[in-house]
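Novice: Give me the fold of what follows.
(2 chains)
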Amino acid sequence: GENVEQHPSTLSVQEGDSAVIKCTYSDSASNYFPWYKQELGKGPQLIIDIRSNVGEKKDQRIAVTLNKTAKHFSLHITETQPEDSAVYFCAASKSGTASKLTFGTGTRLQVTL
Amino acid sequence: DTGVSQDPRHKITKRGQNVTFRCDPISEHNRLYWYRQTLGQGPEFLTYFQNEAQLEKSRLLSDRFSAERPKGSFSTLEIQRTEQGDSAMYLCASSPFLRDTEAFFGQGTRLTVV
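Specialist: Residues are numbered from 1 along each chain as shown, chains lettered A, B, ... in the order given. The predicted structure is shown next:
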């Protein structure tokens, strides 16, 4: 089955700096890669996603890149703010499997003032 | 609030007791999923429904676990004879049929077995 690895496990940046989180996946048939933000005591919130027919997608301060050949994808957050502090999860799935997502182990992002 | 709703938010139970959780998906989402999340880990897939049909179950779902979605709307997850290892956050998610990969999660039910 699919295996998703995520790093770093923790990341501390100063407010205004950029943050990058990287994930690799093992199943070349995976074609959907969402990113979730999870705040303490809450469920994961979908923040951005990318499909395998696209190499990059941007939404305001958040961008995701995908390298299908290398089987890795990354989340980029620019101009970080304290409210960006949370745990971020990458995930992978493939069409025809509904949303049976395989998640990474998470990155705890701390944005300091 | 039109998001995925889960009840209860927290449950503390003694080992050996049965517990049941409820999930109300986003209206008109015909796919519903259950995931389990332990501390410091990402969510792990347990099972999913398309309408009232349970189409897939993970090997994580032992025979003490049962899930239903009787009318294709809300779902329940029951754990019988709870064990301390069942302590986790149980997350429900739903997705629309035509976009079968976007999943929207509820707030979860945190289960503590003492």
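Novice: can we go C-alpha only for contacts and neighbour counts from here?
Specialist: Noted.
Novice: Low-confidence regions, chain B specifically.
Specialist: In the predicted model, chain B carries pLDDT under 70 at residues B:1, B:99-100.
Novice: Would you mind naming the residues that bridge with the spatially most central residue of it?
Specialist: Centroid-nearest residue in chain B, with Cα atoms, centre = their mean: residue B:34, separated by 3.3 Å. According to DSSP bridges, residue B:47, residue B:92 are recorded as the beta-bridge partners of residue B:34.
Novice: gap between it and residue A:108?
Specialist: 23 Å (Cα to Cα, to the nearest Å).
Novice: what does residue A:54 give?
Specialist: Computed with Cα to Cα, the distance linking residue A:54 and residue A:108 is 27 Å.
Novice: quick one: which of these two has more around it?
Specialist: Using other Cα atoms under 10 Å in any protein chain shown as the criterion, residue A:54 and residue A:108 rank with residue A:108 on top: 22 against 12.
Novice: Can you tell me the strand partners of whichever strand or helix holds the more buried one and which way each runs?
Specialist: Taking DSSP states H and E as the criterion, residue A:108 maps to strand A:107-112. Pairing partners of strand A:107-112, with direction, according to DSSP bridges: strand A:10-14 (parallel), strand A:86-92 (antiparallel).
Novice: tell me what the helix or strand containing residue B:21 is packed against?
Specialist: Secondary structure here is read from DSSP H and E; on that basis residue B:21 sits in strand B:19-24. In terms of contacts (3 or more Cα pairs under 8 Å, 6 or more residues apart in numbering or on different chains; DSSP states H and E), strand B:19-24 is packed against strand B:5-7, strand B:75-79.
Novice: returning to what we had before: next, the contact list for the residue nearest to the centre of chain B, please.
Specialist: The contact partners of residue B:34, taken as Cα atoms under 8 Å, 6 or more residues apart in numbering or on different chains, are B:45, B:46, B:47, B:48, B:90, B:91, B:92, B:93.
Novice: sorry, back to before: please identify the deepest-packed of the helices and strands packed on strand B:19-24.
Specialist: Between the helices and strands packed on strand B:19-24, the one whose residues have the most neighbours on average, counting mean count of other Cα atoms under 10 Å in any protein chain shown, is strand B:5-7 (a mean of 21).
Novice: residue furthest from the geometric center of chain B?
Specialist: Computed with Cα atoms, centre = their mean, the residue of chain B farthest from its C-alpha average is residue B:98, at 21.7 Å.
Novice: just the strands paired with strand A:107-112: most buried one?
Specialist: Of those, the one with the most neighbours on average (mean count of other Cα under 10 Å) turns out to be strand A:86-92, with a mean of 26.
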